[in-house]
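*Asks:* got a sequence here, can you build the structure:
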Amino acid sequence: MRPLPSPPRIHRSFSTTPITYARATSPVPRLSLSDFLLRQRVLSLWRDIVRATNKIPKASPTRTEMKAFAREEFERSRDVRDTTKIRYLVSTGRTQFDEMRRGFGEGL
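*Replies:* Residues are numbered from 1 along each chain as shown. Take a look at the predicted model:
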């Protein structure tokens, strides 16, 4: 006599799409630790600028000008891949941001 086939297993999932994981052959290159830290410095500068400009009163044209200027500078440097150049841009951006804060007072 043959054993009975086991019933099919039912997998329950709350998601409607399967989970996919990045593979070693992924076209997106992984960041080195130094690149990751540099990316964090860039994002930190951006967040600081956005937070500071949000403290400027909404009715002020200076607020929109500052946001537009910062966005323009970041967009212009978007395709830079050289880490030395990125460090330089972050350094000069931080200096410009600190000067702007001093110009508007300590409220920013």
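
*Asks:* would you map the helices across this structure?
*Replies:* Counting by DSSP state H, one finds helices in the chain at the ranges 33-54, 61-76, 83-104.

*Asks:* and those helices as CSV, adding mean pLDDT, mean neighbour count and distance to Pro3?
*Replies:* No exception for glycine: its C-beta is placed from N, CA and C like everyone else's. Output for the helices of the chain, formatted as CSV (pLDDT from 0 to 100; neighbours: other Cβ atoms under 10 Å; distance: least, Cβ to Cβ, whole Å):
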stretch, mean pLDDT, mean neighbour count, distance to Pro3
helix 33-54, 95, 14, 54
helix 61-76, 93, 13, 66
helix 83-104, 94, 13, 63
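
*Asks:* what would those look like in CSV with distance to Leu4?
*Replies:* As requested, these are exported to CSV (distance: least, Cβ to Cβ, whole Å):
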stretch, distance to Leu4
helix 33-54, 55
helix 61-76, 66
helix 83-104, 64
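
*Asks:* and of the ones you listed, who's closest to Arg2?
*Replies:* Taking Cβ to Cβ as the criterion, Arg2 comes closest to helix 33-54 out of the helices of the chain, the separation being 57.9 Å.
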